[in-house]
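Chemist: model this:
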Amino acid sequence: MTAREKNQLSVNPKQSKLRKLAQAEDNYEYLKTLPTAELIKQLTKKNQEYVTNLRRILINEGKGEIDNEQAELIIEPLLAKIIAAQSKGETAKQLFGLPPTQLAPMLLSPDEDANPTGKWQYFTITSLAFLAMFSLLAGIYELTENGNLSQAKQIGWLTIAVLAPLMGYLATRYQELTKAKIKQSHLFLWSVMNLVMAGVIIWLLQSPAMQIVNIYLPASVYLVIAIVAVALLILLMRRFKIDHIFFADRKVKNS
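Modeler: Just a heads-up that it's a prediction; the model follows:
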């Protein structure tokens, strides 16, 4: 942007937003001229950790073809973007929307979609997590009551079978809305509405009319389901290289 264009923007106070955008653009262009070592010094502690993990994963994923120097060359174009984003209070994880374990394969194969079904992968993972949690709770609940539960208080298999994928979908959708950076008030309202909906579904499934179909299973069966779900959860998290489920800022696992 030329000096004349900047002066024209400064004349009109209503264009303060445009002035800020121009300044941010100039700052970004300046950052791109700095050496890598200087850029790394400007990173916050959290972003330094992100870049360190990304470098390590690039080397590991390169399988001997990527050394430390080549990893630095891959990361170098990202540093100015990260610093520009952190000045707005945004972390590298928020900027790219991915942990280093998922960003690294995309950087190594830019022409390929490194995570084509990321949404469905996350849905599967979270659904299994809720299945394991609900089944475990149902099994422990029945064990502690020593089989003395009335039919109205028993947790039927259909309740768990419906709630697990429903909560998996809601968790996946919540993650998408968070990345879209919608207003917190709207996100809170959406969450409350869906919790009410889940409560209504539970009430309907536990109603006397559904007890013929929604029968309860022995505690041992629920516990076996929980164990199988946890085993599948661990297997798929390793397979999809997902290092967290519900907490986006969780630290990356060491390889």
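Chemist: ok, Lys179 touching Gly97?
Modeler: Yes. Under the contact definition of CB atoms under 8 Å, Lys179 touches Gly97, with a separation of 5.2 Å. For every residue, glycine as well, the C-beta is placed using N, CA and C.
Chemist: okay, now the domains of this protein?
Modeler: With automatic domain parsing as the criterion, the domains of the chain are listed as 3-108, 118-240.
Chemist: helices of the stretch 1-150 of the chain, start to end?
Modeler: In chain order, the stretch 1-150 of the chain shows helices spanning 3-11, 16-31, 36-41, 45-61, 68-86, 92-96, 100-108, 118-144, with DSSP state H, counting those that start in this stretch as the criterion.
Chemist: could you tell me the least trusted of the ones you listed?
Modeler: For these, mean pLDDT drops lowest on helix 3-11, to a mean of 51.
Chemist: state the distance from Val192 to Gly168.
Modeler: Look at Val192 and Gly168: by CB to CB, to the nearest Å, they are 19 Å apart.
Chemist: of those two, which one has the most company?
Modeler: Remark: of Val192 and Gly168, Gly168 carries more neighbours, 20 against 10, as counted by other CB atoms under 10 Å.
Chemist: got the contact list for the closest residue in space to Gln48 that isn't next to it in sequence?
Modeler: If you skip the residues right next to it in sequence, Gln48 has Ile40 as its closest partner in space, 6.9 Å away by CB to CB, 6 or more residues apart in numbering. When contacts are counted by CB atoms under 8 Å, 6 or more residues apart in numbering, Ile40 is found next to Gln48, Val51, Leu79.
Chemist: quick one: which of those has the most company?
Modeler: Among the contacts of Ile40, Leu79 has more neighbours than the rest - 22 neighbours, counting by other CB under 10 Å.
Chemist: how about low-confidence regions in the stretch 101-250 of the chain?
Modeler: The stretch 101-250 of the chain contains residues with pLDDT under 70 at 110-118, 146-153, 180-181, 244, 246-250.
Chemist: now with 80, please.
Modeler: Using pLDDT under 80 as the threshold, the predicted model of the stretch 101-250 of the chain has low-confidence ranges 109-119, 145-154, 176, 178-182, 240-250.
Chemist: one step back: now the residue nearest to Gln48: how far from Thr91?
Modeler: Remark: distance between Ile40 and Thr91 (CB to CB) = 15 Å.
Chemist: and for Tyr222?
Modeler: 39 Å.
Chemist: and the two? Which one has more around it.
Modeler: A direct count of neighbours by other CB under 10 Å for Tyr222 and Thr91 places Tyr222 higher, at 24 against 17.
Chemist: would you verify that that one is located in a helix?
Modeler: Yes. According to DSSP: H, G, I helix; E, B strand; the rest coil, the state of Tyr222 is that of a helix.
Chemist: which ones are touching it?
Modeler: Ser135, Leu136, Ala138, Gly139, Glu142, Ile160.
Chemist: in the sheet, who's paired with the residue lying closest to Ile215 once chain neighbours are set aside?
Modeler: Excluding its sequence neighbours, the residue lying closest to Ile215 (CB to CB, 6+ apart) is Gly156, at 5.8 Å. In this structure, Gly156 has beta-bridge partners Tyr216, where bridges are defined by DSSP bridges.
Chemist: residues in contact with Gly156?
Modeler: Leu205, Gln206, Met210, Gln211, Val213, Asn214, Ile215, Tyr216 are the contacts of Gly156 under CB under 8 Å, 6+ apart.
Chemist: ok, 10 Å please
Modeler: Applying CB atoms under 10 Å, 6 or more residues apart in numbering to Gly156 gives the contacts Ala138, Val162, Leu205, Gln206, Met210, Gln211, Val213, Asn214, Ile215, Tyr216, Leu217.
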